[in-house]
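Trainee: starting from these lines, generate the structure:
(one chain, ligands or ions: 1)
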Amino acid sequence: MRELRVVKLLDRLENAAGLDPLADRVTSVVNAVIRPRSLRDLLHGVPAGHPLHPVAVMIPIGAWTSVAILDIVPGRNRAAQTLVGAGLLGVGPAVASGFTDWSELHEQQKRVGLVHAAANVVASGFYLASYAKRRSGGSGKLLALAGLAVVSASGFIGGHLSYRQAAGANHAEDVPHLFPTGWHRLARLDSLTDGEPTSMQVGGVPLFALRRGEGVDVLSNVCSHLSGPLSDGDVKGSGADACIACPWHGSEFSIRTGEVVHGPATAPQPRFDTRIVDGVVEVSLPGAG
Ligand code: FES
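Mentor: Residues are numbered from 1 along each chain as shown. Alright, predicted model coming up:
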């Protein structure tokens, strides 16, 4: 089966560098408006362990899809108007979570995301106009249908962004499938500099290693957000609270557990067990293989 032509258009959109100046300006606005880190973490979905945006869009999409059904059932105008309004109320969290995620994506993803957002603005405009028309005693059904068409097209673009461009996906999910089972040699302990993040490979899997005294902490080196190299980042804090900050978008992971301390990442880094045998550091990944 062949791909739809529209997919090729979206592939081309990924390389539309002409959108970058606008994307930069919008990013500055988003970063200025949504500043507190705890709020950004919440909007990214750090407590949920995956992005919040797909959940947030359920309210407008669910409400507006229901409007299309109610609009063809006689005598349901009042209920349809209520759902148009409910969908509009749900736009705020969807926009806030979407733009927070979008502000920390790669250029190609931002270009597609910008068109996705623009389509949602147009769709919301149609529903706002539909609501106003219904309130004033008019029909507003055609406006709602136009809104549904645009929001559906926007959903298609959002699917491209999420699944084809892997925005919001866990980029460390494949590590347990790639890493060989059992214990494997990492390095001699005395070859590792104390307190200095190091990049290594075992079985073709990139690893982040940090020697702390006579112990070594090892995580996957590929950031779960968008594959940034953790070994190029800075270590923050010390002891059990020590974190590694990704150099690309600043996600922070606990070095002791691999858990996300701050987003935009929402999925943890795979953490490896370590042991030292005759001065050699060995690693094993629970659940590997
Ligand atoms: S790649 Fe984005 S925070 Fe690591």
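Trainee: can you pull out the helices in the stretch 151-289 of the chain?
Mentor: 175-178 (DSSP state H, counting those that start in this stretch).
Trainee: I meant the stretch 1-150 of the chain, not that one.
Mentor: 5-14, 20-33, 37-44, 53-56, 58-70, 77-89, 91-102, 107-135, 141-159.
Trainee: would you turn those into a markdown table with mean pLDDT?
Mentor: As requested, the helices of the stretch 1-150 of the chain are exported to a markdown table (pLDDT from 0 to 100):
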| stretch | mean pLDDT |
| --- | --- |
| helix 5-14 | 93 |
| helix 20-33 | 97 |
| helix 37-44 | 97 |
| helix 53-56 | 96 |
| helix 58-70 | 96 |
| helix 77-89 | 95 |
| helix 91-102 | 97 |
| helix 107-135 | 97 |
| helix 141-159 | 97 |
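Trainee: residue 190 is nearest to which of the ones you listed?
Mentor: Residue 190 sits nearest to helix 37-44 of all those, at 38.3 Å, using C-beta to C-beta. C-beta coordinates here come from the backbone N, C-alpha and C atoms, glycine included.
Trainee: how far off helix 91-102 does that closest one point, in degrees?
Mentor: 100 degrees (axes from the mean of the first three to the mean of the last three C-alpha atoms, to 10 degrees).
Trainee: list the buried ones in helix 37-44?
Mentor: Residues of helix 37-44 classed as buried: 40-44 (neighbour count, 16 or more other C-beta atoms under 10 Å).
Trainee: show me what it is packed up against.
Mentor: Packed against helix 37-44, as judged by 3 or more C-beta pairs under 8 Å, 6 or more residues apart in numbering; DSSP states H and E, are the following elements: helix 91-102.
Trainee: tell me how far the helix it packs on lies from the chain's centre.
Mentor: 11 Å (C-alpha atoms, centre = their mean, to the nearest Å).
Trainee: give me the buried positions along that helix.
Mentor: Quick answer for helix 91-102 (16+ other C-beta under 10 Å): 91, 93-102.
Trainee: switch those residues over to TSV; also include distance to the ligand.
Mentor: Below are those laid out as TSV (distance: C-beta to the nearest ligand atom, whole Å):
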residue	distance to the ligand
91	27
93	23
94	22
95	21
96	19
97	17
98	17
99	16
100	13
101	11
102	13
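Trainee: ok, the nearest residue to residue 170 once chain neighbours are set aside - contacts?
Mentor: Excluding the flanking residues, the one nearest residue 170 by C-beta to C-beta, 6 or more residues apart in numbering is residue 267, at 3.7 Å. By C-beta atoms under 8 Å, 6 or more residues apart in numbering, residue 267 lies in contact with 49-50, 170-173, 224, 260.
Trainee: got the contact list for the residue of the stretch 51-200 of the chain found nearest the ligand?
Mentor: Scanning the stretch 51-200 of the chain for the residue nearest the ligand gives residue 104, at 6.2 Å (criterion: C-beta to the nearest ligand atom). Contact analysis of residue 104 by C-beta under 8 Å, 6+ apart lists 225, 249, 264.
Trainee: switch to 10 Å and redo it
Mentor: Taking C-beta atoms under 10 Å, 6 or more residues apart in numbering, we find residue 104 in contact with 27, 30-31, 40, 44, 110, 167, 225-226, 248-251, 263-265.
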